[in-house]
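Student: no FASTA, just this:
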């Protein structure tokens, strides 16, 4: 059994802080390698000319989803050892809308903006200045909007429980949706730019099949999982 810093209540320990820094640098390196230190590339998703954002995000989601599912299935970790964000619909919907508008206007999110700043992007610096200013403003007006902060708090809610479907079935369908998103992204790039690196390629076919097999394997690992 793998113990997490969260389950041991040691998130404030020096080792946890050190590993957070290491993981943060690794995350930044991955963003840079994915080309996310360029606002032009990030903005491409809104014009269907560069769907890297969709492909990278779905890759991250599926890696985490399948990886954690297999670790839970093998008994290496328990679900209650992982911090799960509670569903607070009021603040999360409002925050999501603000985030979406900000991303569309600036073509940055906080993480990619830091990567862009490290790469010397002036627009990333301006975006981060705005983000810090917005955080200060939020702190100042918080007493006036505190009711929204916890509006619609439903605690931790899992999608498959809310839908009333087995966990493995939800994971399998979500994986197929991710595969469809990968193919759609390549098709969209081909339609808009006349070029796609992976559409119909042996790699995309093998990758799609591998994801489906891995998702299907969870049924054999733990057939009764909910």
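Tutor: Sure thing, it's come through. Keep in mind that this is a model prediction, so the values were computed, not measured. Residues are numbered from 1 along each chain as shown.

Student: what stretches of the protein score poorly on pLDDT?
Tutor: Along the chain, the parts satisfying pLDDT under 70 run over 1, 223-226.

Student: Please, where are all the helices along it?
Tutor: For the chain, applying DSSP state H gives helices covering 14-33, 39-43, 52-73, 89-106, 110-118, 122-149, 159-163, 167-193, 202-221.

Student: Mind putting the ones you listed into TSV with distance to residue 2?
Tutor: In short, each C-beta sits where N, CA and C put it, glycine included. Shown next, in TSV, are those (distance: least, C-beta to C-beta, whole Å):
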stretch	distance to residue 2
helix 14-33	14
helix 39-43	34
helix 52-73	7
helix 89-106	29
helix 110-118	26
helix 122-149	33
helix 159-163	23
helix 167-193	20
helix 202-221	17
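
Student: which of those sits most buried?
Tutor: When you average the neighbours per residue for each of those (mean count of other C-beta atoms under 10 Å), helix 110-118 leads with a mean of 20.

Student: Could you pull up phi and psi at residue 86?
Tutor: phi -70, psi 150 (degrees, to the nearest 10).

Student: Now do it: how many residues are near it, please.
Tutor: Residue 86: 12 surrounding residues under other C-beta atoms under 10 Å.

Student: do the same with residue 88
Tutor: 17.

Student: returning to what we had before: to residue 6, which of the helices of the chain lies closest?
Tutor: Nearest of the helices of the chain to residue 6, taken as C-beta to C-beta: helix 14-33 at 9.2 Å.

Student: Counting by contacts, list what the closest one packs against.
Tutor: helix 110-118 (3 or more C-beta pairs under 8 Å, 6 or more residues apart in numbering; DSSP states H and E).

Student: Contacts for the helix it packs on, please.
Tutor: When contacts are defined by C-beta atoms under 8 Å, 6 or more residues apart in numbering, helix 110-118 is touched by residues 27-28, 31-32, 36-39, 42, 106, 108, 123-125, 127-128, 131.

Student: Which one of the helices of the chain lies nearest to residue 5?
Tutor: Comparison of the helices of the chain against residue 5 by C-beta to C-beta identifies helix 14-33 as nearest, at 4.5 Å.

Student: just the angle between that closest one and helix 110-118, please?
Tutor: 70 degrees (axes from the mean of the first three to the mean of the last three C-alpha atoms, to 10 degrees).

Student: which residues sit against helix 14-33?
Tutor: Residues from elsewhere that reach helix 14-33 (C-beta under 8 Å, 6+ apart): 5, 10, 37, 111-112, 114-115, 118-119.
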